[in-house]
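Colleague: I would like the atomic coordinates for the input below:
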Amino acid sequence: FTVAERANAAYTLQPAGYVALAGDATLANGRVAELQIDGEADVMKFGAVKSLVTPSDAAFQRAFSRCNAVFADGEFALAGTFNITQSNKHLRGVGKLGTRINFLNETGDCLKLGSSTKTVNFSVSHLTIQRPSTASSGFNLSCINAEDVTIQDVELRLSYAGLNISGCKNVFISNITVFSGARTIKGLAGVRVGYSADQAMNGGKPTSIYMDSVDVETRGASGFSGFVDGFFYDSSDGIYMSKCHSFNVDNGLTINAGSGSGNFFVGLWAESCYFDKCFEHNVRFIGAASQYEDVTFSNCQFRAPAFTCAFMSANCTLKGLSFVAGTRFRKSGTGTLSLAPTAPIENLTIDSCLLQLCNDSSSASVGDVRIHANGFHYTNNKHDGNVASGTCLVIIAGSDNFIVGQNIFTKSSASTKINDVSGVVDKLIVNNLI
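Modeller: Purely as a prediction, here's the structure:
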């Protein structure tokens with residue numbers, strides 16, 4: 001090769017006997033010209049080609065084998081799954097528009113961080129990862145059994161499935177876009193946070209996952225979306241999401257404690273998130289014999305699902321669920337909150353929420369909100385909208401120890417505003433405007 005082909009990289013001629021490293025050049029006389037690296041390693045100095053069709057796998061591999069921090073500026077192609085298995089590795093571009101890595105494989109993951117054993121300290125930032133629209137399996141970016149991971153300013157484009165965080169700890173995800181274009185086939189999820197069968201850390205359960213400004217958007221046609229779920233969480237311990245957005249998917253957020261080890265999910269705080277125009281539910285709790293604890297939605301918006309804004313399957317058990325602080329539900333198809341599992345929810349709070357243009361069923365047992373819970377507060381909420389009929393609040397038989405107070409029920413012509421069939425004494429329904 002010529003120096004110009006390696007981005008005019010600098011080399012130093014080494015004495016005889018020097019062992020060449022990745023990126024070095026061995027001359028005709030056997031002497032080694034050592035590649036000089038200052039800080040990050042530019043993949044162009046290792047032979048990468050700026051092309052979306054000519055693979056540069058070998059150049060990227062040489063760069064990561066030589067350096068911990070790799071820099072890419074421009075458009076590149078990789079032929080198949082690129083797996084970084086060593087700790088302390090970092091990949092940086094110049095921005096979502098300035099750096100694009102086009103993976104040519106239609107199956108399997110694209111960029112994969114980690115392995116079956118514990119690894120630490122990864123980062124991926126300021127780039128776009130894309131793949132063919134004909135992809136039929138795998139995530140654009142997958143992180144497995146890793147601790148202390150940062151994924152920032154990344155776009156995952158034309159994805160079969162977007163981002164996978166499996167069995168990881170201390171993960172910070174910021175300013176991520178998952179966009180599927182005009183796809184109509186089913187994938188897995190825009191963002192999956194879940195259990196790892198390798199169990200390298202925390203029994204395989206992801207812990208302490210922080211997401212800020214993560215957008216999942218598809219442009220599915222005729223009732224099909226690019227992903228089954230915008231966000232999919234299973235058997236996790238501590239997820240915080242802020243200013244996240246899920247649009248035009250089947251389900252905005254699915255929490256499935258039954259799909260991992262121990263059927264247990266602890267700790268979700270969702271703040272200022274927006275789940276919009278889902279073909280099924282905005283948020284759903286599912287899973288066989290699943291157990292949930294401490295789930296809170298604060299100042300979130302749930303809009304225009306085909307079915308319910310929030311749905312809970314009959315076999316779930318839950319301790320500590322809250323919808324609070326200006327959370328808004330609008331234009332739901334068959335009811336807003338269906339929170340009526342077989343076993344009553346413990347410690348349910350629905351406070352200071354706005355429900356607009358919700359259920360208009362003539363059945364008094366349907367309701368904007370259906371609750372089966374022990375120890376719940378339904379306070380300071382407002383039901384509003386010009387729907388012709390429909391009960392506002394249905395309290396299921398077996399519910400106990402609850403307060404319904406300071407609510408405003410202003411649906412235009414609902415014959416029954418509160419349908420309380422709990423049949424218990426330990427309750428207080430007071431100071432509601434009907």
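Colleague: C-alpha from now on. contacts and neighbour counts both.
Modeller: Noted.
Colleague: Centroid-nearest residue for the protein?
Modeller: residue 191 (3.1 Å; Cα atoms, centre = their mean).
Colleague: okay but that one is in contact with residue 163, surely?
Modeller: Yes - counting by Cα atoms under 8 Å, residue 191 touches residue 163, with 4.7 Å between them.
Colleague: what's the distance between residue 144 and residue 26?
Modeller: Distance, residue 144 to residue 26, by Cα to Cα, to the nearest Å: 37 Å.
Colleague: do the same with residue 282
Modeller: In this view, residue 282 and residue 26 are 59 Å apart by Cα to Cα.
Colleague: okay, these two: which has more neighbours?
Modeller: Neighbour tally, residue 282 and residue 26, criterion other Cα atoms under 10 Å: the higher count belongs to residue 282, 34 against 15.
Colleague: residues touching that one, list them.
Modeller: Listed by Cα atoms under 8 Å, 6 or more residues apart in numbering, the contact partners of residue 282 are 251-253, 275-276, 302-303, 305, 308-310.
Colleague: so what's residue 142 scoring on pLDDT?
Modeller: Looking at residue 142, its pLDDT is 95.
Colleague: Can you name the residues that contact it?
Modeller: By Cα under 8 Å, 6+ apart, the residues touching residue 142 are 109-113, 163-166.
Colleague: farthest-separated two in those residues?
Modeller: For the contacts of residue 142, the farthest-apart pair by Cα to Cα is 110 and 166; their separation is 15.1 Å.
Colleague: hmm, back to that, how close does the residue nearest to the centre of the chain get to residue 247?
Modeller: As defined by Cα to Cα, residue 191 lies at a distance of 13 Å from residue 247.
Colleague: Could you pull out the residues contacting both of these two?
Modeller: Common neighbours of residue 191 and residue 247 (Cα under 8 Å, 6+ apart) are 216, 230.
Colleague: follow-up on the earlier one: among the contacts of residue 142, find me the one that's closest to residue 378.
Modeller: residue 165 (35.0 Å).
Colleague: Neighbouring strands of the helix or strand in which the closest one is found in the sheet, and parallel or not?
Modeller: Counting by DSSP states H and E, the element that carries residue 165 is strand 161-166. Here strand 161-166 has these sheet partners by DSSP bridges: strand 139-157 (parallel), strand 189-194 (parallel).
Colleague: CSV please, covering those strands and showing distance to residue 296.
Modeller: What follows is the strands paired with strand 161-166, written out as CSV (distance: least, Cα to Cα, whole Å):
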stretch, distance to residue 296
strand 139-157, 24
strand 189-194, 17
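Colleague: Mean pLDDT lowest where, among these?
Modeller: Per-stretch mean pLDDT for these is lowest at strand 189-194 (a mean of 88).
Colleague: Mind listing what's buried along the helix or strand just after it?
Modeller: The helix or strand immediately downstream of strand 189-194 is strand 207-217, counting by DSSP H and E. Under the neighbour-count criterion of 16 or more other Cα atoms under 10 Å, strand 207-217 has 207-217 buried.
Colleague: do stretch 99-108 as well
Modeller: Within stretch 99-108, the residues scored as buried using 16+ other Cα under 10 Å are 99-108.
Colleague: Let's see which of the residues you listed end up in helices.
Modeller: Using DSSP state H, no member of the buried residues of stretch 99-108 falls in helices.
Colleague: Go through those and name the one nearest residue 133.
Modeller: residue 106 (8.3 Å).
Colleague: Okay, now the unreliable bits of the stretch 1-150 of the chain?
Modeller: In the predicted model of the stretch 1-150 of the chain, residues 1-7 satisfy pLDDT under 70.
Colleague: Just grab the bridge partners of residue 311 for me.
Modeller: Under the criterion DSSP bridges, residue 311 forms beta bridges with residue 284, residue 338.
Colleague: I'd guessed it sits against residue 283; true?
Modeller: Yes - between residue 311 and residue 283 there is a contact under Cα under 8 Å: 6.4 Å.
Colleague: which residues of the stretch 201-350 of the chain score low on pLDDT?
Modeller: Checking the stretch 201-350 of the chain against pLDDT under 70 turns up 201-203, 219-227, 258-263, 288-290, 332-335.
Colleague: now do 50
Modeller: Scanning the stretch 201-350 of the chain for pLDDT under 50 picks out 221-225.
Colleague: Now do the helices in it.
Modeller: Read by DSSP state H, counting those that start in this stretch, the stretch 201-350 of the chain holds no helices at all.
Colleague: Equivalent analysis for the stretch 1-150 of the chain, please.
Modeller: Using DSSP H, counting those that start in this stretch, helices in the stretch 1-150 of the chain cover 57-66.
Colleague: can you give me the strands in it?
Modeller: For the stretch 1-150 of the chain, the strands defined by DSSP state E, counting those that start in this stretch occupy 11-13, 25-26, 32-35, 41-42, 69-71, 74-78, 82-84, 89-92, 99-103, 111-130, 139-157.
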